[in-house]
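Engineer: pasting a predicted model and its sequence here:
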Amino acid sequence: MNPILRNIIAVIAGWLGGSIVNMGLIQTGHKLFPIVGIDPNDMNALAEIMPTLASKYFIFPFLAHALGTLAGATIAGWIAANHKMKFALVIGGLFLLGGIMVNYMLPGPTWFAITDILIAYIPMAWIGGQIALKISSKQE
């Protein structure tokens, strides 16, 4: 397969796979820790209540962001024809932009925003890239 096409597919598959993991964990969190009286799809209601929520309500959002990025970066790095770590980090950058946007739209506690931005994206993408490199070296 053409390396450019394969690299484009790597980014799309990494973004899609990571997004599926992310949304699955967000939905699981809403089921395990429901916010009484709030529709989890109502962004305005969530934005109003976010600063008042206990720490337990931020476990699954953090896991979703971190594990979604990790999965997406691993997928992208594994599929990429070359520069596997760079493609894993591209996924980390895309998810970081999304995370910044979500932290802006749904402002939660400062500790969560800092932890989320610093740990859930680029470090997880780097780990995903390392996993992809190990998988690829075993396949050769």
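Structural biologist: Noted; the coordinates are in hand. Numbers count the residues shown, from 1 in each chain.
Engineer: residues of the longest helix anywhere in the chain that come out buried?
Structural biologist: The residue-count maximum for a helix in the chain (DSSP state H) belongs to helix 3-32. For helix 3-32, a neighbour-count test (16 or more other Cβ atoms under 10 Å) marks 7, 9-11, 13-15, 17-19, 21-22, 25-26, 29-30 as buried. From N, CA and C alone the C-beta is placed, and that goes for glycine too.
Engineer: among the residues you listed, which one sits closest to residue 105?
Structural biologist: Of all the buried residues of helix 3-32, residue 105 sits closest to residue 26, with 14.0 Å by Cβ to Cβ.
Engineer: mind checking pLDDT for the closest residue to that closest one other than its chain neighbours?
Structural biologist: Once flanking residues are discounted, residue 26 sits nearest to residue 64: 4.8 Å by Cβ to Cβ, 6 or more residues apart in numbering. Note for residue 64: predicted pLDDT of 98.
Engineer: how about the secondary structure of residue 64?
Structural biologist: Secondary structure, DSSP: H, G, I helix; E, B strand; the rest coil: residue 64 is helix.
Engineer: distance of it from residue 80?
Structural biologist: The spacing between residue 64 and residue 80, counted by Cβ to Cβ, to the nearest Å, is 24 Å.
Engineer: equivalent analysis for residue 120, please.
Structural biologist: 22 Å.
Engineer: from the contact counts, what lies against the worst-scoring helix or strand of the chain on mean pLDDT?
Structural biologist: Across the helices and strands of the chain, the lowest-confidence element by mean pLDDT, DSSP states H and E is helix 43-49, at a mean of 88. Contacts defined by 3 or more Cβ pairs under 8 Å, 6 or more residues apart in numbering; DSSP states H and E place helix 43-49 against no helix or strand at all.
Engineer: which parts of it are buried?
Structural biologist: 46, 49.
Engineer: what sits up against that helix?
Structural biologist: Helix 43-49 has contacts (Cβ atoms under 8 Å, 6 or more residues apart in numbering) with 35, 38-40, 105-107.
Engineer: brilliant, that's me finished.
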